[in-house]
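**Q** how does the following fold in three dimensions:
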Amino acid sequence: MWRTTVGHLMQSAADTPALRATLLAKLKQILVQERAEITQMILAEHIDSFLSDIIKFLLTCFKDLASRQKCCECLSELGAIDPGRLDINLLPDFNCEEPEKSALVKRLTEDYLFKLLKKAVCQAQAGYAIQELFHECGCTGELVTKHCSSQGCSRQQPDERDRGALALWNSFRPDVRDSLNPYLSSKYSLRENATQPDLPIFKQKIEYRSWVVTWTAHLIGVFHTLYLGNQENRKLACSPIFYACRQVISYDIDTALFILPLLVLNVIRSGTTEMRNDILAEINAVLEGCKTFVDHPKHTVSINDDGQLCTQEVFYVVAWLTKWAETTGAQASASECRTATAATRGSAPRDQDVAQVVGMLSQIQQLQIAKASLNYKAYARSLMHLENHLRTLSKQQVELQNQEPTKMRRDDCVKLLVSENAEFLQRIFCGLDDPDCLSGLARLRQKTSLCEQILDHESTGEWNEALTCYEQACQYCASHSTDYKAYLQGRLKCLRNLGRWGTMLSLITSEVSQPSASGVAIPSELVSYGVQASWRLGDWARLESFLAAPTCPSDWECSLGRCLLSLQSESVDFTKNLAAACGNLTAPLTAASCESYQRAYPSLVKLHILQELEQAQRYKNASAAEVWRQRLAITQPSFKIQEQILNVRRLMCRIFRVPEEEATHWLSIAKTARCGGQFQIAYNALQQAIYCNGLTAAPANTQTALKYRLEEAKLAWAEGRQIAGITLLKKAMTSRFAEATSSCDDSYKEVKKYGGTALTFSTM
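**A** Take a look at the predicted model:
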């Protein structure tokens, strides 16, 4: 029953954007009510594709600014579902075939302008655009009345232009025709207030919407100028269609995003060299706006949300143009194969268009796109563009050697790969979590730099070794240099991943208290790491002081710290802080929703955490063991993901003074860390679990202590201390189950525990 309702809600939300936020609120209610059944569907051996459809729908709704908050709430209710359980394709459907004029008018009118007629703020602009589109296609009220109305009785056959106009009109849905009918004979006019922007339009900290609208309006003006100079050119025939939308795009960014790649394509094909250079300069300005790739493996990248969305739009335009060139080139080749004569007559202009677009794309540095993609964690895209860059370099090297491409020596390719791009590839493979490629890359390197060695250690979770490398590097750098700051952040990250949060705070304090730092504000990076260490330790006084620092950034860790602090102090600002933390995730999710669920997953994990925080605050307790167990089971089974969730949970248990539950979460962290090969973290977490339960370092022989004994034995075995593991387990069995079959109320549980422990013992 609820599935049918959700299906109707998704369809209605797609058709009526004005009601989308209300419908998403209703969808959230259903997800809350049917949580148990949905969880069973997720944990089933074969997951229902309906869940994939729901998540895909929610991610695509991020394109609507007004619906993002509601989408976040729905996704947080679902939880961070393991990407391996879902089959979601978020890549845009590149329909790169150049539409006919009537097809373009139909899509613009029905999918975009028609919906804007219901908005009072832009009804006049949308009406003007529809009026001009109909005028351009020859679709008038007189023609429709003459041939389509019930009173029309003309026996005269329409000419070719009229037939096209009538076909366009009849292609609209009946409800759309009823709304559009007044605009067949309307007399709207616009006041022109266009100004010529300074190029390039993109500037640092420019709003995404402003950039898209301004660039689209500029290209509309450029294309219309070309049309006025040569109206007989068929390539310019769509200019009046775009020109009719010159003001409506200011009110609806979706319309601007739809026509932007078409405008770029047409200006490249028909424009002058100067116009193409302006487009190239705009693309380069956006890509250079996020130029933060340096030679330090742990340089912190400060990502602006609007800049990220602008870069994502450039990615889309470049991909769209590439696909158009491939598709059009393939069609031209097929035409040439069918008939050489026809191809000679008809495909020459098309070949010229393809050559113009390919030439334009070749001027965009693939390495620059790869670096921008890496900065925004689009690792798969970064790898694709880096491969294109390497192919270009290989081809150039072959041409210099006057060799055939197939005769390029393998040693030369390897040398080129390793000497110039090994570290870049290493970062990409670390982001993709691909240990096989990292291992192969390490074998190809002839020399290993300190930065590459650090990345090797971090990719395999060897944080102690990475910390040693960072400390060694810090010794040879001046304390005020950029290198030292980067390596210091690396040390702090290693300490955080090792669970040595107290050492983190000591290091930050020592850096701030140095004479060279007196009178200088604490760097935002150190504030962020201070917040991370403080809330993990539950040091609320330190956390409050870091959050009050003027240089405190608005990143995830600081937003989470504010939420936890307001939860601990029972502040009325909790809801505001929670909404701000959720709002900071909308831009990354919007950008990721254009590519893949995998790229969006880190942000979904953060939404997962915020939902549990909200639930704990609502019910004023952290006793949701079964619900939390199920929510953890649906996540990706990796230490990196589950450790974030478990750390917040055990801190909530401390806030609400539930030491037994806190100990349980510490034990879960120990198990997850052990399975992930993080033995130092597992040992620390196990000791914390024992401490929370009020047990000694050598637990007493109680039923509660047995699970700690068992985990301690498993940890010893995993570390290679097999004899110690067997000894611990044997001692637990001997002392605890000496009278396991005695007649007591929980004898069955005792025997069951004994059987499980004995099985573990025999396995060891």
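
**Q** switch to C-alpha atoms for all contacts and neighbour counts from now on
**A** Noted.

**Q** how much space separates the nearest residue to residue 373 once chain neighbours are set aside from residue 426?
**A** Sequence neighbours aside, residue 382 is the residue nearest to residue 373 in space, at 5.0 Å (criterion: C-alpha to C-alpha, 6 or more residues apart in numbering). From residue 382 over to residue 426 the distance is 12 Å, taken as C-alpha to C-alpha, to the nearest Å.

**Q** list the contacts of the residue nearest in space to the middle of the chain.
**A** Among the residues of the chain, the one closest to the centroid is residue 592, at 2.8 Å (C-alpha atoms, centre = their mean). By C-alpha atoms under 8 Å, 6 or more residues apart in numbering, the contact list for residue 592 reads 599, 600.

**Q** how about residue 185?
**A** 131, 140, 141.

**Q** report the buried members of those residues.
**A** Among these, those scoring as buried are 131, 140 (criterion: 16 or more other C-alpha atoms under 10 Å).

**Q** which one of the contacts of residue 185 is nearest to residue 67?
**A** Distance to residue 67 across those (C-alpha to C-alpha) is lowest for residue 131, with 29.7 Å.

**Q** for the helix or strand hosting the closest one, packing partners?
**A** Assigned by DSSP states H and E, residue 131 belongs to helix 123-137. With contacts defined as 3 or more C-alpha pairs under 8 Å, 6 or more residues apart in numbering; DSSP states H and E, the packing partners of helix 123-137 are helix 114-116, helix 160-171, helix 239-244.

**Q** how far does the longest one sit from its chain's centre?
**A** If you compare the mean C-alpha spot of helix 160-171 with that of the full chain, they lie 43 Å apart, counting by C-alpha atoms, centre = their mean, to the nearest Å.

**Q** count the residues that sit near residue 581.
**A** Residue 581: 24 surrounding residues under other C-alpha atoms under 10 Å.

**Q** quick check: next helix or strand after the one helix or strand residue 690 maps to?
**A** Following DSSP H and E, the helix or strand that holds residue 690 is helix 679-692. Remark: after helix 679-692, the chain's next helix or strand is helix 703-718, criterion DSSP H and E.

**Q** can I get the CA coordinates of that next one in PDB?
**A** Only the C-alpha atoms of helix 703-718 are listed here, as PDB (Å, rounded to 0.1, in the frame of the first residue of the first chain):
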ATOM      1  CA  GLN A 703      28.600 -12.600  32.300                       C
ATOM      2  CA  THR A 704      29.200  -8.900  31.200                       C
ATOM      3  CA  ALA A 705      32.900  -9.300  31.200                       C
ATOM      4  CA  LEU A 706      32.900 -12.400  29.000                       C
ATOM      5  CA  LYS A 707      32.400 -10.500  25.700                       C
ATOM      6  CA  TYR A 708      35.400  -8.300  26.500                       C
ATOM      7  CA  ARG A 709      37.500 -11.400  27.200                       C
ATOM      8  CA  LEU A 710      36.400 -12.800  23.900                       C
ATOM      9  CA  GLU A 711      37.100  -9.600  21.900                       C
ATOM     10  CA  GLU A 712      40.500  -9.300  23.700                       C
ATOM     11  CA  ALA A 713      41.400 -12.900  22.600                       C
ATOM     12  CA  LYS A 714      40.300 -12.200  19.000                       C
ATOM     13  CA  LEU A 715      42.400  -9.000  18.900                       C
ATOM     14  CA  ALA A 716      45.400 -10.900  20.200                       C
ATOM     15  CA  TRP A 717      44.900 -13.500  17.500                       C
ATOM     16  CA  ALA A 718      44.500 -10.900  14.800                       C
END
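
**Q** helix 679-692 and that helix, what's the angle between them?
**A** Per axes from the mean of the first three to the mean of the last three C-alpha atoms, to 10 degrees, the angle that helix 703-718 makes with helix 679-692 is 170 degrees.

**Q** and residue 317, what is it in contact with?
**A** Going by C-alpha under 8 Å, 6+ apart, residue 317 touches 260, 261.

**Q** quick check: it vs residue 357, distance?
**A** From residue 317 to residue 357 the distance is 12 Å (C-alpha to C-alpha).

**Q** same deal with residue 314?
**A** Distance from residue 314 to residue 357, by C-alpha to C-alpha: 15 Å.

**Q** what of residue 734?
**A** For residue 734, the distance to residue 357 - C-alpha to C-alpha - is 77 Å.

**Q** quick one: which of the two has more around it?
**A** Of the pair residue 734 and residue 357, residue 357 is the one with more neighbours under other C-alpha under 10 Å, namely 22 against 11.

**Q** secondary structure element holding the more buried one?
**A** helix 340-362.

**Q** quick one: the strands in the stretch 501-650 of the chain?
**A** Applying DSSP state E, counting those that start in this stretch to the stretch 501-650 of the chain gives no strands.

**Q** what residues of stretch 710-727 count as buried?
**A** 710, 711, 712, 713, 714, 715, 716, 717, 722, 724, 725, 726.

**Q** any chance of a markdown table for the residues you listed, columns pLDDT?
**A** Listed next are these as a markdown table, based on pLDDT from 0 to 100:
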| residue | pLDDT |
| --- | --- |
| 710 | 85 |
| 711 | 88 |
| 712 | 88 |
| 713 | 87 |
| 714 | 89 |
| 715 | 90 |
| 716 | 89 |
| 717 | 87 |
| 722 | 85 |
| 724 | 86 |
| 725 | 82 |
| 726 | 83 |
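
**Q** redo those residues as JSON lines? Include distance to residue 641.
**A** Shown next, in JSON lines, are those (distance: C-alpha to C-alpha, whole Å):
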{"residue": "710", "distance to residue 641": "24"}
{"residue": "711", "distance to residue 641": "21"}
{"residue": "712", "distance to residue 641": "23"}
{"residue": "713", "distance to residue 641": "25"}
{"residue": "714", "distance to residue 641": "22"}
{"residue": "715", "distance to residue 641": "20"}
{"residue": "716", "distance to residue 641": "24"}
{"residue": "717", "distance to residue 641": "24"}
{"residue": "722", "distance to residue 641": "29"}
{"residue": "724", "distance to residue 641": "30"}
{"residue": "725", "distance to residue 641": "28"}
{"residue": "726", "distance to residue 641": "31"}
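
**Q** ok, so of these, who is nearest residue 629?
**A** Using C-alpha to C-alpha, the buried residues of stretch 710-727 come closest to residue 629 at residue 711, 18.4 Å.

**Q** does the residue nearest to the closest one when sequence neighbours are not counted sit in a helix or strand, and which one?
**A** Spatial nearest neighbour of residue 711, excluding adjacent residues (C-alpha to C-alpha, 6+ apart): residue 671 at 7.3 Å. Secondary structure from DSSP H and E places residue 671 in helix 659-675.

**Q** give me the pLDDT for the spatially closest residue to residue 247 that is not a sequence neighbour.
**A** Leaving aside its sequence neighbours, residue 247 sits nearest to residue 125 (C-alpha to C-alpha, 6+ apart; 6.5 Å). Confidence at residue 125, expressed as pLDDT, is 90.

**Q** my read is that residue 379 contacts residue 426, right?
**A** No - assessed by C-alpha atoms under 8 Å, residue 379 is found out of contact with residue 426, at 11.1 Å.
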